[in-house]
Every structure is written in C-alpha cells, then in structure tokens.
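# Return atomic coordinates for the entry below.
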Amino acid sequence: MLCLPRVRGKVMGVVRHVVCAMSGGVDSSVAALLLKKRGYHVTGVFMKNWDSLDERGVCTSERDCDDAYKVCRVLDMPFHQVSYVKEYWHEVFSNLLGEYQKGRTPNPDIICNKHIKFKHFYQYAVSSLGADAMATGHYARTSLEDEEVFQQTHTPAPRPLFRDRLEIRNPVRLYQGADRLKDQTFFLSQISQDALRQTIFPLAGLTKDFVKKIAAEAGFHHVLKKKESMGICFIGERHFEDFILEYLEPKPGHFVSIEDGKIMGKHKGWFTFTLGQRARIGGQKDPWFVVDKDITTGEIFVGPTTNHPALLRDTVQTNRFHWITEEPPAELIRTQMMDCHFRFLHQMPLCPCTVTLNLDGSVWITAKRPLRALTPGQFAVLYKGDECLGSGKIVRLGPSEHTLQKRHLQLSKNSKNSEQSSESDS
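Sure thing, here's the model as predicted:
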C-alpha cells in the first residue's frame, strides 16, 4: 500500500470545497483522489474547449468526459461539464490563426491556460460553484501551503505598467514540480496572480511514475491505458498543413536557398512551416530546413543543414513581459539587467541568459550561446533557480550567425579594398 500524505480538509468544523479540473487523464484523476484523501469536499469539472462534431480530425472529448465521470463516480464526487467552445475560439484559436498569418508560430497551450483554465474556469469554480480553491493535475507547485490558499481572497488590483511597491501584497510564486522531466511551469507562465493564489497543485511533490502507481492502486485502469496527449486536440491525426489550410487561404510562394538565392521549389503558404522544420521540397533529394520567412514576398528561406548558421541566434526581444508576481524582480528593476535561465520549448534544457528590461515592459534576452530555431510567436519563459518568473512572447529576433558571418566577410572585403585603394593612390 502506498503511503500518501494526509492534510486536514476541515477547519473549525468547515469542510473546504475544492473544484478540480478533470481531463479524463491519469494526472487530474490522481489529483482529485489526493484532494479527497486530504478531507476536502471535491467537485470534478470537465471542460469542453473544442467542438469536435464540426471537424474531421480525431478529437476524443466525449470519451475523455466519460472517463472523468467514471473517476468522479468511483470517488463519490459531484461531476459537472462546462463548455468553453465559444471562448476558446475567440480567445485562443482566433489568436492562433492571426499569429500564423503574421509568420509566427504560436503556443496554444500557454494561451489556453491563461484565458480558459485560469480565467474562465477559475471564475466559474469560485463564483458559480462557490469553491474555496481550484485544483489541476499540473506538475508544478506554489509558495503557498494548502491552508494558505484558502485564506486568499479575490481583490482586483490596478494594472499600471509596474505597480507601486507599497501596493503589492506578498506575491505567490510559481516553482517547478518535483518531477523535472514532467514539470509544466512552462505552460503556466502566463497565468494571473489572482488565479495562482487560489490554486492547488496536488501533484507538486510527486513523480509521474508514482502518480501511475497511485492510479493503479485506486483502480483507475481505464485512464492508465490511455496514451498521454502530446499534440493539440483540434488538429487530431491530421497533417498540420492540411489542418491550417482549412482555415487560411493558400498563399503560394517559393522556397529560396539562403546561401545563393536560388529558387528551390514551391510551397502553399509561409504559415504551413516553422523555423527549424524540414522542408519537403519536391525534386530535392537532400534535406533542406526552414531558416527564415518573408511574409511580404511569401518566400521561405531554406538551408542545407539542420544546424545551418542561419538557424543559430543568441538574442530575442519579447512583447511586454508577464511576471507571475506582477512586477519584475527587484534586481532587474534596480539595474535593468539580470542573469537567469530561460527556455522557449517545453522540454529543452534551461539555458543561461542575461535579461535586459526595457521601458515599455518588454525584455531583451541574450543567451550565453547561440540556440537553434529561436522562433517568433513562441514564449520565452524565465527561471531563477526553481522559480518560474513568467514569460513573454518572442516578437523580434537578433541577427543569425549566418548574417553576422556575412557582415564580417563584407567588412573584411571593404577593409581590404580600402587598403588597396590607399596603396594605389600613394
């Protein structure tokens, strides 16, 4: 029998009410089980965010909902289903399409957490269901103990660029979960301080393997058998190009070699490719990789190697940065510069960097070494030790190694010509 920590869910005779987001997967199922073991009154809620009836793609929302209901029935928990299809379309999916049209590569999971799970669902849990707190199955933790979460109250605060330091409550901080391989703070890096204050992460101190053992002992075999969802639900089993062309008009253009400007082939739209992706070009036997895009001409620039210098950069600028604690770290405010770590893909190793704060709230991030395929539209997520500081959307790239090499060669050439000219004049 696995020994699980028990925390009292009753204070002064009052049973705390926690609303748990249920996805029909093993993580949220075990999260609900742990909350029950702690003595809380738990309500399970399944969110439907995409209307699969309108799509040919394989989206398993009905089966997932049924799996979540079965877990709630086993745990003797109330179960609700709520639809955010409309909100998801307007606040997540429309944003995604707009980003692709701008030549960027968005991250819908981060946007979904920001607008759906930790805004609409959070408000539903607290306001409509009267919850004292909400919970999810994310692998992450905060600076609050459970009982401190219940002591939080929702107090809307003014939102200037940076709040007066005297107005700031002790902010709740977001930390990486115990299982660093499964840590999901990357996807939580845009959520609000208010929602974080009233959120419990029951899996904070657990590993994925231990969570599976708990699920097996609880008899949750129907969720253990399921494949872990790795892709985006609304795409399903379809090829991305086929999916995106259902929503965006084709914009045919050319693949162009970054090295000599030669036209290599044709594509159906710059939004069907992202930086670093292999470009399957008809008639080309050797692999070519997307290194840049020009949405004004419709050209996609390609290079002949996966680590071509045109894919390597060390500097990006974000839009206005979202700080989990609502304002930048004191060190960054004081000196406008700070050393920390960042990543722009979920499972990439954390990379040492220097952050520079701009007057408009955006930041420049300079990595200690060039990184492959830094991509506009992705989120640069900052970390200081175990703490996730927040994130900003990448909106501008620094020069690539290829560009810097070309500049260096041009400067050398100009210098040589200048010397030769001086010699001939003398």
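# Pass me the low-pLDDT residue ranges in the chain, would you?
For the chain, the stretches flagged by pLDDT under 70 are 1-14, 52-60, 152-169, 229-238, 415, 418-426.
# Can you give me the distance of residue 240 to residue 382?
Per C-beta to C-beta, to the nearest Å, residue 240 is found 28 Å from residue 382. To be clear about C-beta, it is placed using only N, CA and C from the backbone, and glycine gets the same treatment.
# correction: residue 413
When distance is defined by C-beta to C-beta, residue 413 is 40 Å away from residue 382.
# which one is residue 247 nearest to, not counting chain neighbours?
Of all residues not flanking residue 247 in the chain, residue 97 sits nearest, at 5.7 Å (C-beta to C-beta, 6 or more residues apart in numbering).
# Let me know the next secondary structure element after the strand or helix carrying the one you found.
Residue 97 is part of helix 94-101 when elements are defined by DSSP states H and E. Using DSSP H and E, the helix or strand that directly follows helix 94-101 along the chain is helix 108-112.
# Residue 76: neighbouring residues, count only.
Neighbour count of residue 76, defined by other C-beta atoms under 10 Å: 8.
# now it, what's its secondary structure?
Look at residue 76: counting by DSSP: H, G, I helix; E, B strand; the rest coil, its state is coil.
# which SS state does the nearest residue to residue 141 once chain neighbours are set aside fall under?
Spatial nearest neighbour of residue 141, chain neighbours left out: residue 204 (3.4 Å); criterion: C-beta to C-beta, 6+ apart. Assigned with three-state DSSP, residue 204 falls in the coil class.
# Check the secondary structure at residue 332 for me.
Assigned state for residue 332: helix (three-state reduction, three-state DSSP).
# Which secondary structure element is home to the closest residue to it other than its chain neighbours?
With C-beta to C-beta, 6+ apart as the criterion, residue 332 has its nearest non-adjacent residue at 4.3 Å, and that residue is residue 338. Following DSSP H and E, one finds residue 338 within strand 337-343.
# and that strand, which residues are buried?
Of all the residues in strand 337-343, those buried under the rule 16 or more other C-beta atoms under 10 Å are 338, 340-343.
# any chance you could map the helices in this structure?
Along the chain, counting by DSSP state H, helices occupy 26-37, 61-74, 85-88, 94-101, 108-112, 121-123, 146-150, 193-197, 208-218, 221-224, 240-244, 330-335, 401-425.
# Just put these in CSV and tack on mean neighbour count and distance to residue 257.
Shown next, in CSV, are the helices of the chain (neighbours: other C-beta atoms under 10 Å; distance: least, C-beta to C-beta, whole Å):
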stretch, mean neighbour count, distance to residue 257
helix 26-37, 25, 45
helix 61-74, 18, 44
helix 85-88, 16, 40
helix 94-101, 16, 24
helix 108-112, 21, 32
helix 121-123, 21, 48
helix 146-150, 17, 56
helix 193-197, 21, 47
helix 208-218, 16, 44
helix 221-224, 16, 49
helix 240-244, 16, 21
helix 330-335, 13, 41
helix 401-425, 11, 12
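# Nearest to residue 357, out of these?
Closest of the helices of the chain to residue 357 is helix 330-335, at 5.1 Å (criterion: C-beta to C-beta).
# what does that closest one rub up against?
With C-beta atoms under 8 Å, 6 or more residues apart in numbering as the test, helix 330-335 has contacts from 162, 327, 338, 355, 357.
# Restricted to buried residues, select the residues you listed in ChimeraX.
Filtering the contacts of helix 330-335 down to the buried ones (16+ other C-beta under 10 Å) takes a single ChimeraX command:
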select :327,338,355,357
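# which of the contacts of helix 330-335 lies closest to residue 136?
Nearest to residue 136 among the contacts of helix 330-335, counting by C-beta to C-beta, is residue 327 at 25.0 Å.
# Tell me the spacing between the residue nearest to residue 247 and residue 36.
Between residue 97 and residue 36 the distance is 40 Å, computed by C-beta to C-beta.
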